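Participant: With the sequence up front, the predicted model follows.
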Amino acid sequence: MIERILEFTAKHEEWIVGENVEDFTNENIAMFLSRVSNTVSSKIPGYLGEKIDVNGLLSIKIEGSLEEKLKALISPKVSRQIGRLVMEDDKKLKKLLVEVAKAVLTREILKNELPIEFPGGKIEGLKIQPRYEEDHINFTARYGSWIVVKRMIIDEKTPLLDIARLLASINETAVNKIKDFADVDDKKIVEYFGGFKKVKKEEEIKEIVQLFREFKGNEFEVRYAAREMLSKLGLKVDVPSKNLEKYLEKAG
């Protein structure tokens, strides 16, 4: 029988954490992946500083109701503010990083307005012995037909943006797989918001927010419902790893 593994470990400077799944129930797997997502998402901004003024980004203040915050987040004014904080002259490359920065800002602005983080908190401390002594990040899944290894050994030459890329990729994997173990009816959520396409007008924002508030689902489904609602406004709260990957490839 092939050994079943679900583990996450990270060691870089003061950040040393590790956790795994020992009892492979759907509930335990879903909660582990939730903590992985919450953990890596919270660390990504700290690795973007080479090209994004993260302190400046997180100091952008957007006040008001949820509807007013959403309206502001999709406004040209906020896009210009974000653009000024991205340190890249090439327009196409800059656009990739602006989308990354906007996801970070959106998550920060809406974290107390919408259920964005998953249940379970973050991984704190070292609960398992890491497989590597070196500074590293390691996410390994081997469970049935699901086999994923996302791993990096970190040294002084490792670009911080590359660490952010790996963390974003791990988050995407976790967010995509939680659904399989947490009774999330993805089709139901997509169809629920199916009456909306591109939401831009103030009245449409109010309507889709009200629809979200009426959504009925479990504690995981409401997180995906929030993400689906935001997608209709062109907003994300999960940093897109492909943007960082493309940037690193093209910027050399």
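Facilitator: It's in.
Participant: would residue 79 count as being in a helix?
Facilitator: Yes. Using DSSP: H, G, I helix; E, B strand; the rest coil, the assignment for residue 79 is a helix.
Participant: who's in contact with it?
Facilitator: 98, 102 (CB atoms under 8 Å, 6 or more residues apart in numbering). No exception for glycine: its C-beta is placed from N, CA and C like everyone else's.
Participant: next one: residue 108
Facilitator: Per CB under 8 Å, 6+ apart, neighbours of residue 108: residue 58.
Participant: hmm, try it at 10 Å
Facilitator: 45, 57, 58, 59, 60, 62, 116, 237 (CB atoms under 10 Å, 6 or more residues apart in numbering).
Participant: Those: which two are farthest apart?
Facilitator: Pairwise distances across the contacts of residue 108 peak at 19.7 Å for 59 and 116 (criterion: CB to CB).
Participant: Neighbour count: the two, which is higher?
Facilitator: Each of residue 59 and residue 116 has its neighbours counted (other CB atoms under 10 Å); residue 116 has more, 19 against 10.
Participant: my guess is the more buried one contacts residue 110, does it?
Facilitator: Yes. Here residue 116 reaches residue 110: they are 6.3 Å apart, a contact under CB atoms under 10 Å.
Participant: All the strands of this protein, residue numbers only.
Facilitator: Ranges of strands in the chain, per DSSP state E, are 5-12, 15-20, 136-143, 146-153.
Participant: deepest of these, which one?
Facilitator: Most buried of those by mean neighbour count (mean count of other CB atoms under 10 Å) is strand 5-12; its value is a mean of 21.
Participant: Direction included, what does that one pair up with?
Facilitator: Here strand 5-12 is paired, per DSSP bridges, with strand 15-20 (antiparallel), strand 136-143 (antiparallel).
Participant: Reformat the ones you listed as a markdown table; add distance to residue 162.
Facilitator: Converted to a markdown table, those look like this (distance: least, CB to CB, whole Å):
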| stretch | distance to residue 162 |
| --- | --- |
| strand 15-20 | 16 |
| strand 136-143 | 10 |
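Participant: got JSON lines for these, with distance to residue 190 and mean pLDDT too?
Facilitator: What follows is the strands paired with strand 5-12, written out as JSON lines (distance: least, CB to CB, whole Å; pLDDT from 0 to 100):
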{"stretch": "strand 15-20", "distance to residue 190": "31", "mean pLDDT": "98"}
{"stretch": "strand 136-143", "distance to residue 190": "25", "mean pLDDT": "98"}
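Participant: between those strands, which gets nearest to residue 68?
Facilitator: It is, among those and with distance given as CB to CB, strand 15-20, at 35.4 Å.
Participant: what does that closest one contact?
Facilitator: With CB under 10 Å, 6+ apart as the test, strand 15-20 has contacts from 5-11, 32, 35-36, 39, 43, 46, 122-131, 135, 137-138, 140.
Participant: Flag every buried residue along the longest helix seen in the chain.
Facilitator: Longest helix in the chain by number of residues (criterion: DSSP state H): helix 160-181. Judged by neighbour count using 16 or more other CB atoms under 10 Å, the buried positions of helix 160-181 are 161-175, 177-179, 181.
Participant: residues in contact with residue 205?
Facilitator: Neighbour list for residue 205: 66, 67, 68, 69, 70, 71, 74, 196, 199, 229, 232, 233 [criterion: CB under 10 Å, 6+ apart].
Participant: can you do 6 Å?
Facilitator: By CB atoms under 6 Å, 6 or more residues apart in numbering, residue 205 lies in contact with 67, 70, 71.
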